[in-house]
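1. Sequence plus predicted model, see below.
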Number of protein chains: 2
Amino acid sequence: MYELLKKNIEKTIGGALSETDSAAFLKLISERTIDKKVALTEEGNICNEVYFLLEGAAFSFIADSKGNKHVLQFALESFWISDLYSFFSGRKAIYMIETLEPCKLLVLSKENFEIACRTIPVFNCFFRILIQNAYVAQQYRIAKSNSEEAELRYEEFSKQYPHFIQRIPQYLIASYLGIKPQSLSRIRKNNVKRV
Amino acid sequence: MYELLKKNIEKTIGGALSETDSAAFLKLISERTIDKKVALTEEGNICNEVYFLLEGAAFSFIADSKGNKHVLQFALESFWISDLYSFFSGRKAIYMIETLEPCKLLVLSKENFEIACRTIPVFNCFFRILIQNAYVAQQYRIAKSNSEEAELRYEEFSKQYPHFIQRIPQYLIASYLGIKPQSLSRIRKNNVKRV
DNA sequence: CGTCTATTTGAATGTACTCAAAAGCGGTGG
DNA sequence: CCACCGCTTTTGAGTACATTCAAATAGACG
């Protein structure tokens, strides 16, 4: 079993993962190695995989009517990432996922996801909690983006995800925060002065 | 069985609900009638109930450091509403829920939620889909709020939720959209002119 | 009717945006 | 190894949208 994955699961379910369950799940996932700047999913296709990052960095985004990209999620080692809209609904993907660095990742197909949920009770539980947490985190993000100014949002972001700041280009962080790269640059400039 | 609830469940799971399951679930929920402008949950308490609205209207919000309220969700008949952060994590509520009209609602306690998930498979499935959908909708909201201007967001909102426009005070809709009531008033004024 | 709350309107301000250009940085090929 | 190219970040100036502060109007409710 992948140590990183095991830790992630045990942390999420708040308990130990048995050897049996571990082995059963292992049969359902596969490993994949990908270059940087490669699209894991394409807009318009159906996304029927979820990914767990063992190494590297990736992000998901949506393109608006004017062709601008808007970042939804970043992922580093030990993060799950997918277009859950497409994955769950079976409809065409509206989000895209792209690698930022060369990645080693685990792939769980929708088919195997459903097998896991059905045949390994602890995984049914695991995925429910995973999405519950994601939901809650997202709600918090909405609340913040409606209440705080960009500067505060950036400060919070950099406190909460210091690793992101170091490995992810600034223009993508700006997009995640809902501002333009120029604006983020100015915010950073002001912060440095003040410190 | 409550007709509204039955429809909601069947629509969500995409199939019929058996009499047995229906009856089993019915035992786990209770009905409650509440006046308007009453808090269903209080910040700081633990929220261990989810609500299904049979009648009336309610909304959830979070208060920021300056005491401003920021709306997260509206609910009318046939909507589920709760502070899922607190409900799932068991930690103190950071959101509050308040009624806008006199409400008749169904209450599912956390205890009974877990019983339902454990003993009625279809409800395990139902709640998973419910939160999946909520997650996906939220993600879309984030993408929109980062990409579109307030005017467009309001237009989309009023198309998607025409009932909300009619029954929910404007200052709360403004808050949901992440703008001030004055700004929404001006946006509406411009729209009228243009039509 | 009077009070309280919500909405509208005006004027001044501020934050983030656009457009434009320069500087910085990394990778590639000569 | 350095020159060049493309991409990212920074900086400047002017603009646009939403905010703040303030006050007037409109609605709801007892």
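-> Received, thanks.
2. List, one by one, the residues from chain A near chain B.
-> Residues of chain A lying close to chain B (C-beta under 8 Å from any C-beta of the partner chain) are A:62, A:64, A:68, A:70, A:72, A:84-85, A:88-89, A:95, A:124, A:127-129, A:131-136, A:138-143, A:145-148, A:175, A:178. Yep, even glycine has a C-beta here, placed from its N, CA and C like the rest.
3. how does it look with 7 Å?
-> Residues of chain A found near chain B (C-beta under 7 Å from any C-beta of the partner chain) are A:62, A:64, A:68, A:70, A:72, A:84-85, A:88, A:128, A:131-132, A:134-136, A:138-139, A:141-143, A:145-147, A:178.
4. what about A:H70, which helix or strand?
-> Secondary structure assignment for A:H70, by DSSP states H and E: strand A:69-75.
5. Show me the contact partners of that strand.
-> A:53, A:57-64, A:81, A:95, A:164, A:168, A:172, A:175-176, B:139, B:142-143, B:146-147 (C-beta atoms under 7 Å, 6 or more residues apart in numbering or on different chains).
6. By neighbour count, sort out the buried ones in the residues you listed.
-> For the contacts of strand A:69-75, burial is judged from neighbour counts taken by 16 or more other C-beta atoms under 10 Å in any protein chain shown, and it is met by A:53, A:57-62, A:81, A:95, A:164, A:168, A:172, A:175-176, B:139, B:142-143, B:146-147.
7. Quick check: A:N8 touching A:L54?
-> No: A:N8 sits out of contact with A:L54 when judged by C-beta atoms under 7 Å, with a separation of 10.4 Å.
8. on that earlier part again, show only the entries of the buried ones among the contacts of strand A:69-75 found in helices.
-> A:164, A:172, A:175-176, B:139, B:142-143, B:146-147 (DSSP state H).
9. Distance to DNA strand C and pLDDT for these - can I get that in TSV?
-> Rendered in TSV, the data for these read as follows (distance: C-beta to the nearest atom of the strand, whole Å; pLDDT from 0 to 100):
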residue	distance to DNA strand C	pLDDT
A:F164	17	96
A:L172	14	97
A:S175	10	97
A:Y176	12	97
B:Q139	20	92
B:I142	15	92
B:A143	14	89
B:N146	9	88
B:S147	10	87
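10. any idea which of those residues is closest to B:I115?
-> Proximity of those to B:I115 was ranked by C-beta to C-beta; the top entry is B:Q139 with 30.2 Å.
11. Distance-wise, check the closest one relative to B:K36.
-> Per C-beta to C-beta, to the nearest Å, B:Q139 is found 32 Å from B:K36.
12. quick one, strands of chain A?
-> A:29-34, A:39-41, A:49-55, A:58-63, A:69-75, A:80-81, A:96-99, A:103-109 (DSSP state E).
13. can you redo those strands as CSV with mean pLDDT?
-> Listed next are the strands of chain A as CSV, based on pLDDT from 0 to 100:
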stretch, mean pLDDT
strand A:29-34, 96
strand A:39-41, 93
strand A:49-55, 97
strand A:58-63, 94
strand A:69-75, 95
strand A:80-81, 97
strand A:96-99, 95
strand A:103-109, 97
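14. Columns distance to DNA strand D on top of the ones you listed, output as a markdown table?
-> What follows is the strands of chain A, written out as a markdown table (distance: least, C-beta to the nearest atom of the strand, whole Å):
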| stretch | distance to DNA strand D |
| --- | --- |
| strand A:29-34 | 18 |
| strand A:39-41 | 15 |
| strand A:49-55 | 20 |
| strand A:58-63 | 12 |
| strand A:69-75 | 11 |
| strand A:80-81 | 19 |
| strand A:96-99 | 11 |
| strand A:103-109 | 17 |
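15. wait, which of the ones you listed is closest to A:I187?
-> Counting by C-beta to C-beta, and looking across all of the strands of chain A, nearest comes strand A:69-75 at 16.6 Å.
16. now the closest one against strand A:103-109, angle please.
-> Note on geometry: by axes from the mean of the first three to the mean of the last three C-alpha atoms, to 10 degrees, strand A:69-75 and strand A:103-109 are set 90 degrees apart in direction.
17. A:S109 bridge partners, please.
-> A:E49 (DSSP bridges).
18. pretty sure it is in contact with A:E49, am I right?
-> Yes: under the contact definition of C-beta under 7 Å, A:S109 touches A:E49, with a separation of 5.4 Å.
19. higher neighbour count, the two?
-> Neighbours were counted for A:S109 and for A:E49 using other C-beta atoms under 10 Å in any protein chain shown; A:E49 has more, 21 against 15.
20. I'd like to know how far that one sits from chain B.
-> Note on A:E49: its distance to chain B, by C-beta to the nearest C-beta, to the nearest Å, is 16 Å.
21. Would you confirm that that residue contacts A:E111?
-> No: taking contacts as C-beta under 7 Å, A:E49 lies outside contact range of A:E111: 9.7 Å.
22. Chain neighbours aside, what residue packs nearest to A:S145?
-> With C-beta to C-beta, 6 or more residues apart in numbering or on different chains as the measure, A:G178 is the residue that lies nearest to A:S145, at 5.9 Å, once sequence neighbours are left out.
23. ok, A:G90 - how many residues close by?
-> Burial of A:G90, expressed as a neighbour count using other C-beta under 10 Å, amounts to 10.
24. Quick check on the residue lying closest to A:N8 once chain neighbours are set aside: phi, psi?
-> Spatial nearest neighbour of A:N8, chain neighbours left out: A:S78 (5.4 Å); criterion: C-beta to C-beta, 6+ apart. As for A:S78, its main-chain torsions (degrees, to the nearest 10) stand at phi 80, psi 20.
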